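Enquirer: sequence first, predicted coordinates after that:
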Amino acid sequence: MTADAVFAAALDTAQRTATSINQLSSEEEVGLDTAYATQHALIARRLARGERITGLKLGFTSQAKAQQMGVHDVILGTLTDAMRLDDDTVFDRRSAIHPRIEPEVAYLLATDIDGSAPGRPLSDLIAAVAPALEIIDSRYRDFRFSLADVVADNTSAAAYVTGPWTPFDRAGDLDNRAVLLEVDGRVSATGSTSAILGDPARAVAAAARLATQYGFALRAGMVLLAGAATAAVLLPDRGVVEASIAGLGRVGVRTHEGSDEPEEGAR
């Protein structure tokens, strides 16, 4: 087996069994090309089990987080229908290792997007925008990883939920909207959409560039998660997490862990 296939098998098993593994970079040096090849091989295993790709997501869109990690570019991950949750439904905490949650801006793509995206108006590319929550769950021990590690691990993607969609032409500028993250009604984090690349609109061109470079497809009807607007917080074992973005509305998810059966609609 090739290195990317071996890495993908290990990460797939870790995700399916909710068991952490050693960082890939602890064994050998892993470059970005191998990391993205591993991610594609990982997703191929999920597709072979019947999952469908529903979108893409950007990571390290916060300048502060990028500096903390010592990286100078965003990264791209894949979303599937098995990761998608309905608004205000239940995520089974037992399916994850050490999950965290963060508020995001989600775009609904109006058309296929390629490397020419930077020269086209966003109104041609984006059908709608929504508040979103992303659950991230590194499959590595202690939630520690290198840049290549996290790319291979599908950028720690675990689950996502989108709130109400607003037609893009009615959403207005999103470059500085207030963002609030609450856990059980208590404020957990505050921020602004400006934390996403300075303006979440820049996420579209960034995703198009990386998609062209590393072999992803951006198709009409897909969701693009533009990036986190605040730092991620620990996902509670049981509780309610809600995010709101000024002018776009709210989105929520409930968590469940324990011997009780999860409510209908749980992941």
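Expert: That came through fine.

Enquirer: so which elements touch the longest helix along the chain?
Expert: Of all segments of type helix in the chain, defined using DSSP state H, the longest is helix 32-48. Judged by 3 or more C-beta pairs under 8 Å, 6 or more residues apart in numbering; DSSP states H and E, the packing partners of helix 32-48 are helix 3-17, strand 75-80, helix 147-152. Glycine gets a C-beta too; all of them are placed from N, C-alpha and C.

Enquirer: again, only using 6 Å
Expert: Where contact means 3 or more C-beta pairs under 6 Å, 6 or more residues apart in numbering; DSSP states H and E, helix 32-48 is packed against helix 3-17, helix 147-152.

Enquirer: please save the CA atoms from that helix in PDB.
Expert: C-alpha atoms of helix 32-48 as PDB (Å, rounded to 0.1, in the frame of the first residue of the first chain):
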ATOM      1  CA  LEU A  32       1.200  18.700   1.900                       C
ATOM      2  CA  ASP A  33       0.900  16.800  -1.300                       C
ATOM      3  CA  THR A  34       0.900  13.500   0.600                       C
ATOM      4  CA  ALA A  35      -1.400  15.000   3.200                       C
ATOM      5  CA  TYR A  36      -4.000  16.000   0.600                       C
ATOM      6  CA  ALA A  37      -3.600  12.600  -1.100                       C
ATOM      7  CA  THR A  38      -4.300  11.000   2.200                       C
ATOM      8  CA  GLN A  39      -7.400  13.100   2.700                       C
ATOM      9  CA  HIS A  40      -8.700  12.100  -0.700                       C
ATOM     10  CA  ALA A  41      -8.000   8.400   0.100                       C
ATOM     11  CA  LEU A  42      -9.800   8.800   3.400                       C
ATOM     12  CA  ILE A  43     -12.900  10.300   1.800                       C
ATOM     13  CA  ALA A  44     -12.800   7.600  -0.900                       C
ATOM     14  CA  ARG A  45     -13.200   5.000   1.800                       C
ATOM     15  CA  ARG A  46     -16.300   6.900   3.200                       C
ATOM     16  CA  LEU A  47     -17.800   7.200  -0.300                       C
ATOM     17  CA  ALA A  48     -17.300   3.500  -0.900                       C
END
